Each structure stands twice: as structure tokens, then as C-alpha cells.
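A.B. asks: model the structure of this input:
(chains A and B)
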Protein chains: 2
Amino acid sequence: MTELIEDLAAIVGAANVLTGRDTARWDRDWTGHYTGAPLAVVRPANRDEVSAVLRVAHGRDLPVVPVSGNTGLNGGALGSGAIMLSVERMNRIREIRPEARVAVVDAGVIVDALNVAAEEQGLIFPLAFGASGSAMIGGVLSTNAGGANVLRYGNTRDLCLGVEVVLADGRVLDLMQALHKNNSGFDLRDLVIGAEGQLGIITAAVMKLQPRPAERVTAMVAMTQLDRAPDLLNALQDATGGAVVAFEFMPRAFVEGHFEVDPKAREPFDAPHEVNLLVELAAARPGTLGAVLEEVLSEWFETGGVSDAVIAQNEAQRSEMWARREAAAEIAFRREPALDTDIAVPIDRVADYLRDIEPRLRAVDPRCDVLSVAHLGDGNIHYTCYPSANEPGLIAALRAEIDSLAVEMNGTFSAEHGVGISKLAPMARFKDPVALQVMREIKKALDPKGILNPGKTLPVAVEGEI
Amino acid sequence: MTELIEDLAAIVGAANVLTGRDTARWDRDWTGHYTGAPLAVVRPANRDEVSAVLRVAHGRDLPVVPVSGNTGLNGGALGSGAIMLSVERMNRIREIRPEARVAVVDAGVIVDALNVAAEEQGLIFPLAFGASGSAMIGGVLSTNAGGANVLRYGNTRDLCLGVEVVLADGRVLDLMQALHKNNSGFDLRDLVIGAEGQLGIITAAVMKLQPRPAERVTAMVAMTQLDRAPDLLNALQDATGGAVVAFEFMPRAFVEGHFEVDPKAREPFDAPHEVNLLVELAAARPGTLGAVLEEVLSEWFETGGVSDAVIAQNEAQRSEMWARREAAAEIAFRREPALDTDIAVPIDRVADYLRDIEPRLRAVDPRCDVLSVAHLGDGNIHYTCYPSANEPGLIAALRAEIDSLAVEMNGTFSAEHGVGISKLAPMARFKDPVALQVMREIKKALDPKGILNPGKTLPVAVEGEI
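C.D. replies: As a prediction, the model looks like this:
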């Protein structure tokens, strides 16, 4: 142990090898559901130090768990007995090239910091989710993070042109291209993105930036029936030429949950509604988005589909609308035990899903409570179930219902948060078995000792399986 | 041999196992540069037959080369002594779901056929290139084909949500999802796309469709200087809110080449110009694109950047503009020997590239001739060199100059056509060496016998290399 610490200190400096109580920041996740004391936390300053740390760990068959902002909800960045490799010191925005609309960044750059730097050049980095003030590029790439703007800008994978990756044995894979066309062999970039640190540690990236919208309109819209929301989305897309950036659903229970976690929280409308949507439109050209939105909503109001609407008149009103939506994690975890999930179904099945899941959960646990919030435009529902007792068997049974129904509706048990530890069971149960075999074959080829983030992402093969 | 043929015939029927002269259609590529007589051509009717054929081949260690439209230019779909597996009988558009904007298709569906079916639903499949009347979905996915609309809609990879793949040993990998968010393990879909049949044979896919533009404007624009073209592109994007679909460059020599291959070809302008651009704008909302284009071009005409412009007034005029651009392959290969390439550089280096490459080629071969055509909006140049003699050493030396300069300018030697056989040399010379190692490790893990499309994509490792 002492020799290991010395070897690591020789690479990153003694001040950047933390042990014992100094590792407390890294021994639990944000939810507190996942815990584990690391052997040590190392904080390399650059790619070459990451490579040297991995060579040391590889030589000793020691597990290495990469961590950046530690904002994940699946226990993917915990490493009991492992060397945790934090990229937080690698936090330089190396270059922003506005004419090419790209940023070259280290893995430890915080998402909001990149957005601020982009805005100084009249551009945006459009990844938007509640934890963007802490989450770092390395983490959002490794989990292929989604969020509220995926409808318009895609997942993190869609925002990345190039990556630099240190492999399990310390080799450096340099794919730092800024090209929109480059068909030169297998797509290793997209393989590493979303691989949750199983195949290598991302140390830098070339990210795409987008033009800052010249016009932006944000509104809260109350609907009479959730199942008509996809039609409203299509109507807005058609009327605006595809200008919808966000289309988020919050039921009444979510709005009320917000009152509990934020003393400044206010009602979105004069009267309470069951179906509350946050809608944002943006266009590169200044124009008539506000007028078009009002026109569409008026038509829907007259025919009874929309029962109320408030359009933000200034940035403060817009921020208030978004603050509610971005408090989702605080709202979901304000009660314990909480079983949080991250499923997706085709957008026209969201209302069916929410209608059908409740009785199935009540059949398992008649006294459970539920809460949902959805990136409705992506069909992505964060469904939380509060079981009546903190029993692992009960929680697993409830989780199985939530996942099963999503899969029955041609959806997925894992939309945007990643697998980590929390979704190993549905991975084993629902993922295509050949896909699991191929993932294990690739993992074995690139990390034969299995030192990178062990115990996450890939369920253990049952006996006889490849 | 006879026993093999019998085994294959038992799977696909005797009429669908071709040997000897009946394989002539598959023994050369479109250019005639690459030839090779297959052992047999098999034409399975469905995924299960593909799987059975691969089990037979795998059991006998026989190479298998997948082929669909055979429109590639790199020799990637030739298999001397191999079983060629043609997906042409698997040509069913299984389903188009207009509200979800997806199509579920077999690998043998022709690109234009998918577009025709999409248009019947008010949608488009936006992949656009000269061979789209013959190229099939399996091939465009396996090569991640690009084309003239990548600027707006992305490469084939960006147009695909799910794939079905048969692996080397016959296992079926089912990733036929239609979801926009699905983070459940490694991104095997994108790994298989663009892998040129090295990792498996794509048998079906879920493809994204796009709304049919309500307004479309196409123009030929003559500029005084190519190096100002990126500014014109940015001006058009800013003025139209990002409506540029295509931004293609054709030098005078290309326009003249068109006269040689098409007797109906006409001058694009009253007077000849050196810098000819094909510009297409499209918007989902009917509006004022034509007026905006005229306004921008007028400003540029007054300041001297644009010297002439013709806006298509009807579909016939638009077709004439596109026919010139899409004759690129015929124009490039009208003379022999022709060395065709497919490089990309950052868009603001295209003019520098075209200025600098010619003297470098003349230093190698003073009497060579050259021709270029570019997807300028992507920085992707198809550069053709006509050497003064058909000597392999000379041709290799010229190719090395073309590739080297692209790489020196932070570009790539392989933008959109794929590697196949023709780019093995630059893969070995310019590709990140660790990336090559990782590709070989993945290839070995998924196809340990190396039966899938051997001799393509991955250069042979030199002694001592992994």
C-alpha cells in the first residue's frame, strides 16, 4: 500500500494522492444510495499522468474508477477498494474556434463553464440538465448524458467530434479530430462515449458548439389530456419549422413536490392543473416565434386541448420555469426510500405508460406512492416510486414492473442516465443476449484484466454463458 | 467445393447460389480498378438464411464478403476466392411510421426506393449521392456513406436508429430500436456502421426520415475567389437560420469534363467561371428563402465576391444543376489511368489545399493532370489525379502527396467513401497507431477466424506490432 501510494505520488505529486478521510468526497454518490470507500483518489494534471497512473494500476491488477463531477444517479462512479481517478484538475478549455463552431476541452471542464465560454463567442454548448453546474465533460461523455434539449440538439454523443482516451494499460488513443466526415476504420469514438469508463478514460474532447438562438420563447402550458401532447408537439414543430428545443412534462404531484424543496417556488398557473408542460422554442433568425406560439395555443385553447398557458415575458420568468424542472432530482429524492428510474417509450405511448404503470405497482405494493417527470419530446420518463417499506426485495420487484412495461411498449429500461450499478438487473434480463456477449468480448479485448470500473455496466455472465 | 455448394443451396435454394460465369456481375467494381472472381455468390432471402450461410462459412474457415449495390469506389466489396453474400433479395421496406418519422427496412432496399416510399408519406430520406439509384441500405450503413446533404442531415450513421447484424459465427445481434435515447451499454450500433463488413453483416435497419421541405431553392453561383466561399456559406446560414442543405464546389475543369460525358450538358452561366458553386437551401416552413438568397447574393455581387448566379425556376432547372454534380464519378473516370481520392480538410483550408496540392503533384509527375469536386460545406474534396503513366509506383507516390497534405492540414485521407482496399496504405501510415491496435483487437474478438471481408479496411500489422 505505502509503495503504491509512493508510486502514485511520484506521478501526480503527494498532494494529489488522497487516502483515508481525505477521500470522503468520493465515497458516496449524490443520492447517498451508493457508497464505497476508495483505496485512494488520484488527481492527475494531464493525459500523460493519467497514462502513468493506469500503467501502475495495470501492473498491479488494481481496479481504477474514473470520476469527474460525481453527479450520476446510478452508482457508476464509486469504487470500493479501487483507485479513483478524478479528472477535476484537468479543467482547461484549450481552444474555442468560433468559425468552426468547436471547442477543444479537457475532461474536467464543467458543462456550464463550457457554455459560458461559448456564449462569449456568440455560441452555445446546448447540453442542459439539472447538474450542469457540477457535471464535467468526461462524465457526460462517458454516460452519453441527455437532458432537456436532446429533442433539438441530441445527446452528448451528437455534440462530440473527437476524443482522447487512455486505455486500461496506459496506451493513449488519439481521436481528437474536428472533422464532420472521417471514415477511416471503426468508430472508436462512439464506442468509448457512453461506455461508462469500461473501455478507457476520456481525457479530452472536441465538442461541437451551436449558434446562439436569436429568438427564444419559453412557456408553461396546461393541457386537459396528456395523450394529446404529442399532437401539440407536432403542431408546434410544423408551425415553427422544427423550432421546439424542450417539451417537458410535469404532473401536479411534481409541482407540489417543488413547493417542499424550494421555499420560493410558486404555482405555474392561477389554478392547479394535472398536465403541466414546459415548452421552449428557439430560432437562429429573429422572427415571430412568440406570435406563432400564441396562435397555436389559442387554437388549442378554443378546441379544449389546452386549458391555460403562460409565456415568459423576461429572463426572470423563464428562469423560474426552468428552476422547477431542474429541481427534479431534489424533488424525487426528498422522500426516502425512493426508487428512481430512467425509462423511455415511443412518445405516443407516454400517456399509456403512465396510466398503466400505477396499477401494476399497486399490485406489488398497495401503499406505494409515485412521481413522474418526463422529457416528453424524447419519450423519456424519470419515474420515481416510493415503496411502503425499505426492503430490497420489494424495491427490486417494483423496479422490475417499471422496466418491464417500458420494454413491453418497445421502449428501454435505460434512456439517458446510464447503467452503472442500478440497472445491472434489467441489463441481464432485457438486453439482447448477443449484445451482452459482444460487449463482454470487446471489454475482454480492450481490458483483459478487467481493471476499469469493475462491477458496473455489464452484468456478470451466468454460468455457461459466453 | 460441390459439397459446399450443396450446403449453401440447402439454405438459400440452388437458384440463389451462383458460380462460374454467373458471378460475373460481382467480379469487378464500378471503376474496373478492382477485380476478383468469387468462389460463389449466395443470395439469402432473410436474416436466418444469412445466419445459416455464415455458420457454414465459419465452420469451414471460408471468407465471406457482403455486397449490396456494389457502387463503392474502394474495392471494399470484392472477394477473390470468397463467398460473396449479396443482400439484394432482402429488399422489403417493412414499415414506415410517419408520425415517428422512421422506416424499418431490409439491407437490400435501394436508397432511392426508400426515398420514394418516404415521399408518399410527406417525408424524405435525405441521403443524396450519385449512386443512390443502385446503392442499398446495407452498403451505405457499412460504409457510413456521406454525399451532398451531410451539411444539413449528417452521414448515414446520423440517419440510423437501429440495426440488425449477423456476426461472423452466425449469431444475430438485434439492435432494432427506434428510440432517440437508449443508454444501455456499449454503442454497438455505431461500431458496426462504417465497419465495412469487418464485424458483421447488416441485415436490417431502422432509419430516420425527415420532414419534406416546404420550400426549396437551388442555385448555381459563380465566385471570384474560392477562399471567400466559407464566408458566403456562413452568410447564407446566418441569413436563413441554418437552411443550407448543399454547398458544392465545381471548378471549370469539372464543368468541361461534364460536356465530355453528357451530350446534353450545358454551360451553367453565360460566361465560363473558375469557381462554380451549387447551393441548395430548404426550410420546413414555406417562406422567403428565395428572396433571402437573392438578397445575400446581390450584396456579394455588389462587393465583388460573387460574379454570377442563376436560381433554378423549376424542377427541370434544378435537376440540370444536380445532374452536373452527380456525374462526378463519370467525369472523374472518363480518363484513365485515374487516381481518385476522398480527403477532407477544415472548410477554411479547402482553397489552400487546392492551391498547394498541384505543385506538389507536379514535383512528382510534371505531366500529370488534375480534377477536383468538393462537398465544400464539409471540407470534403474528391481529388482526381491523372498520372502521365500507368505505373503503380508513380500512382502510389501521387496518392501519398494527396493524403499527406490533407493530414498536414488537420484533415483526413478518408472522408466518406471508406477504406476498402484503396486506402490501406494511408491507414497504415497516418491513422493513430493505438487506434489501429484497438481496431485489430476488436476485430479479433468478434471475428477470431478473420473470415469477414478479409484484406480490407485494416492494414496488415507489421512484424512486432500488436
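A.B. asks: strand partners (parallel or antiparallel) of the helix or strand containing A:L173?
C.D. replies: Using DSSP states H and E, A:L173 sits in strand A:172-175. Sheet pairing of strand A:172-175 (DSSP bridges) gives strand A:160-166 (antiparallel).
A.B. asks: which outside residues touch the strand it pairs with?
C.D. replies: A:47, A:50-51, A:54, A:102, A:141, A:172-180, A:188-189, A:192-193, A:199-208 (C-beta atoms under 8 Å, 6 or more residues apart in numbering or on different chains). C-beta here means a position set from N, CA and C on the backbone, and glycine is covered the same way.
A.B. asks: show me just the buried residues among those residues.
C.D. replies: A:47, A:50-51, A:54, A:102, A:141, A:172-173, A:175-180, A:188-189, A:192-193, A:199-208 (16 or more other C-beta atoms under 10 Å in any protein chain shown).
A.B. asks: those in strands, which ones?
C.D. replies: In strands, defined here by DSSP state E, the members of the buried ones among the contacts of strand A:160-166 are A:V102, A:V172, A:L173, A:L175, A:I201, A:I202, A:T203, A:A204, A:A205, A:V206, A:M207, A:K208.
A.B. asks: would you check how far apart the last one and A:E280 are?
C.D. replies: To A:E280, A:K208 is 20 Å away according to C-beta to C-beta, to the nearest Å.
A.B. asks: let me know the average pLDDT across stretch A:194-202.
C.D. replies: For stretch A:194-202, mean pLDDT rounds to 98.
A.B. asks: now for the strand or helix carrying A:A118, which elements pack on it?
C.D. replies: Element membership of A:A118 [criterion: DSSP H and E] is helix A:111-119. Here helix A:111-119 touches strand A:93-97, strand A:102-106, helix A:137-142, going by 3 or more C-beta pairs under 8 Å, 6 or more residues apart in numbering or on different chains; DSSP states H and E.
A.B. asks: what's next to the second one, contact-wise?
C.D. replies: In other words, strand A:102-106. Under C-beta under 8 Å, 6+ apart, the answer for strand A:102-106 is A:87, A:90-97, A:114, A:117-118, A:125, A:137, A:161, A:176, A:178, A:203-209.
A.B. asks: which helix in chain A runs the most residues?
C.D. replies: Within chain A, and with DSSP state H defining each element, the longest helix by residue count is helix A:392-408.
A.B. asks: quick one: buried residues of that one?
C.D. replies: Here helix A:392-408 shows A:L394, A:I395, A:L398, A:R399, A:A400, A:E401, A:I402, A:D403, A:S404, A:L405, A:A406, A:V407 as buried, counting by 16+ other C-beta under 10 Å.
A.B. asks: what is the nearest of the residues you listed to A:F269?
C.D. replies: Proximity to A:F269 was ranked across these by C-beta to C-beta; first place goes to A:I402, at 29.3 Å.
A.B. asks: which residues touch the closest residue to the closest one other than its chain neighbours?
C.D. replies: In space, and not counting its chain neighbours, A:I402 is closest to A:T341: 4.9 Å by C-beta to C-beta, 6 or more residues apart in numbering or on different chains. Neighbouring residues of A:T341 by C-beta under 8 Å, 6+ apart: A:I381, A:H382, A:Y383, A:T384, A:C385, A:R399, A:I402, A:D403, A:F413.
A.B. asks: recalculate using a threshold of 7 Å.
C.D. replies: A:H382, A:Y383, A:R399, A:I402 (C-beta atoms under 7 Å, 6 or more residues apart in numbering or on different chains).
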